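Novice: here is my input, please return the structure:
(one chain, ligands or ions: 2)
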Amino acid sequence: MTEKLTIDSLYLHFPYCRHLCNYCDFYKNLNEKDPSYSVFEDTLAQMNDVHNEFLSNNGYQWSELETLYIGGGTPSLWGRSGADYLANLLAKNKVTFKDKYEFTMEVNPGSWSVEGLEQWMSHGVNRFSLGIQSLNPNFIKVLDRVHNIDDVYETLEFFNGRKLNFSVDFMLGLPYSKEYERNIREELNDILKYNPSHLSLYILTVNDHYKHFEKLPDEEWIEREYLEVAKILKEHGYDHYEVSNFAKPGLESIHNLNYWRMKSVAALGQSATGFLSETNIRYKWKVTGPTFVEEHLTEEERRIEDIYMGLRINDGLALSSFAKGFEAIAEAWDQRGLARLSEGRVSLTSKGFLLLDSLMDEIFRFEKDS
Ligand SMILES: C[S@@+](CC[C@H](N)C(=O)[O-])C[C@H]1O[C@@H](n2cnc3c(N)ncnc32)[C@H](O)[C@@H]1O
Ligand code: SF4
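Specialist: Ligands and ions are numbered 1, 2, ... in the order given. Purely as a prediction, here's the structure:
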């Protein structure tokens, strides 16, 4: 009998929020549409059956989980009963955790309760990711967040007070940055007092229908903000280990590293995307019911994705991943301060991360002409 392939990473999407922020493109609904989350839980149970059959048909079986990540939406709304529901679902699948595992839950500062989070922790959550975006109340208002600045500090006090392992999300390039003279250094100095193990700093991405589109800062502002953040966080001992992510050494997000390293990461929940590495299958759940769309990557598509993902993280890539002659390009990047070349591998610097898309274009042109 051929040996089964194993899955030890799972992403679960919780698609509800108390209020919808004006910039956000994630799949979500207002929680008042399904106040007890029973519609969601029924759909998830159906998805789980479909998914188990799909995994098995492709030669996979669950192993003990190394990582579980509940994102959204706002999973911290899924309180005590949600924690029990998920524990039952995992038990039904006969899935437990490895001795060393990471179980992350996203939290919105205006949408959590102590009892809810305690129940999640009793079922294994050992890492939280807080959506903060900015510590300046003007921006919290502009972004139309559901909470106020006091909720943010109350949440930070809770996590720091209990010495929990947590990450924080901030956004850069916010509308009215110039008008309100956003001072990212001050915000970072403030957040670092709460000792997060990890920080994500995303450049705001919106389309031209965005209500504050005209008030977005220019490229130059965003570049300066991004590079300033990278410099400050490095000075404070955080590694810039992915384009938008910084961690104290050893406290990187294992789940997200599995994704960037193109390992198998299963997914459940509307709009969630999973990847089966050995068979090159990507699947995305529909938002309408327990079905998904399946995509089979060709070898060439896989090779390009391996390059793109590899350059996003500071593992770097072997020069042998590229067509012959790439070394000259990597050396030119090195001289411009965009990359480091060491022992036959290339990895990007913070400045290189900022230019990742244009460097990828350069790679495509080079590969086409080789
Ligand atoms: C699912 S949310 C985090 C949890 C919770 N829903 C919240 O907002 O507090 C994930 C993160 O994605 C980032 N994000 C959302 N929309 C974005 C956008 N349009 N551009 C860049 N980052 C965005 C925010 O930093 C947000 O915290
Ligand atoms: S709370 Fe989070 S997921 Fe919900 S709309 Fe706002 S940014 Fe998006």
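Novice: which helices and strands does the lengthiest strand in the chain pack with?
Specialist: Longest strand in the chain, counting residues (DSSP state E): strand 60-72. For strand 60-72, the packing partners by 3 or more CB pairs under 8 Å, 6 or more residues apart in numbering; DSSP states H and E come out as strand 5-14, strand 97-107, helix 254-260. Placement of C-beta: from N, CA and C, glycine included.
Novice: please save the CA atoms from the shortest one in CSV.
Specialist: Which is helix 254-260. Output of helix 254-260 as CSV, limited to C-alpha atoms (Å, rounded to 0.1, in the frame of the first residue of the first chain):
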residue,chain,number,x,y,z
ILE,A,254,4.9,29.1,12.0
HIS,A,255,1.6,28.9,10.3
ASN,A,256,2.3,31.7,7.9
LEU,A,257,5.8,30.4,7.3
ASN,A,258,4.3,27.1,6.2
TYR,A,259,2.2,29.0,3.7
TRP,A,260,5.1,31.1,2.4
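Novice: so who does the residue nearest to the spatial centre of the chain touch?
Specialist: For the chain, the residue nearest the mean C-alpha position is residue 256 (6.1 Å; CA atoms, centre = their mean). For residue 256, the contact set (CB atoms under 8 Å, 6 or more residues apart in numbering) comprises 69, 242, 245.
Novice: which of the residues you listed sits closest to residue 198?
Specialist: Minimum distance to residue 198 across the contacts of residue 256 is 7.1 Å, recorded for residue 245 (CB to CB).
Novice: any idea how far residue 175 is from that closest one?
Specialist: 23 Å (CB to CB, to the nearest Å).
Novice: and those two? Which one has more around it.
Specialist: Taking other CB atoms under 10 Å, residue 245 and residue 175 do not tie; residue 245 has more neighbours (25 against 22).
Novice: so the more buried one bridges to which residues?
Specialist: Residue 245 has these beta-bridge partners by DSSP bridges: residue 200, residue 242.
Novice: that one: what's it in contact with?
Specialist: Counting by CB under 8 Å, 6+ apart, residue 245 makes contact with 198, 199, 200, 201, 252, 253, 256.
Novice: for residue 33, same thing?
Specialist: Contacts for residue 33 (CB under 8 Å, 6+ apart) come out as residue 16.
Novice: same check, this time on residue 142
Specialist: When contacts are counted by CB under 8 Å, 6+ apart, residue 142 touches 174, 175, 176, 212.
Novice: for it, give me phi and psi.
Specialist: For residue 142, the backbone dihedrals (degrees, to the nearest 10) come out as phi -60, psi -40.
Novice: for it, give its distance to ligand 1.
Specialist: Separation of residue 142 from ligand 1 (CB to the nearest ligand atom, to the nearest Å): 13 Å.
Novice: which helix runs longest in the protein?
Specialist: Counting by DSSP state H, the longest helix found in the chain is helix 38-57.
Novice: only alpha carbons, please: show it as CSV.
Specialist: Included here for helix 38-57 are C-alpha records, laid out as CSV according to Å, rounded to 0.1, in the frame of the first residue of the first chain:
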residue,chain,number,x,y,z
SER,A,38,-25.6,28.4,13.8
VAL,A,39,-25.8,28.8,10.0
PHE,A,40,-22.1,29.2,9.9
GLU,A,41,-21.5,26.1,12.1
ASP,A,42,-23.9,24.0,10.0
THR,A,43,-22.1,25.0,6.8
LEU,A,44,-18.7,24.3,8.4
ALA,A,45,-19.8,20.8,9.4
GLN,A,46,-20.9,20.1,5.8
MET,A,47,-17.6,21.6,4.5
ASN,A,48,-15.7,19.4,6.9
ASP,A,49,-17.3,16.2,5.5
VAL,A,50,-16.7,17.3,1.9
HIS,A,51,-13.1,18.2,2.8
ASN,A,52,-12.3,14.9,4.5
GLU,A,53,-13.5,13.1,1.4
PHE,A,54,-11.4,15.4,-0.9
LEU,A,55,-8.3,14.9,1.2
SER,A,56,-8.7,11.2,1.2
ASN,A,57,-9.3,11.0,-2.5
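Novice: quick one, it and strand 60-72 angle?
Specialist: For helix 38-57 against strand 60-72, the angle by axes from the mean of the first three to the mean of the last three CA atoms, to 10 degrees is 150 degrees.
Novice: list the buried residues of helix 38-57.
Specialist: For helix 38-57, burial by neighbour count (16 or more other CB atoms under 10 Å) applies to 40, 41, 43, 44, 47, 48, 51, 54, 55.
Novice: let me see the contact set for the second one.
Specialist: Going by CB under 8 Å, 6+ apart, residue 41 touches residue 85.
Novice: next: the fourth one.
Specialist: For residue 44, the contacting residues are 12, 89, 268, 269, by CB under 8 Å, 6+ apart.
Novice: and the second one, how far is that from residue 107?
Specialist: The spacing between residue 89 and residue 107, counted by CB to CB, is 21 Å.
Novice: same check on residue 130?
Specialist: Distance, residue 130 to residue 107, by CB to CB: 5 Å.
Novice: what's across from the residue in the chain that ligand 1 sits nearest to in the sheet?
Specialist: Residue nearest to ligand 1 within the chain: residue 131 (2.0 Å; CB to the nearest ligand atom). According to DSSP bridges, the residues that bridge with residue 131 are residue 169.
Novice: that one reaches residue 111, doesn't it?
Specialist: No - using CB atoms under 8 Å as the test, residue 131 is too far from residue 111 to be in contact (9.4 Å).
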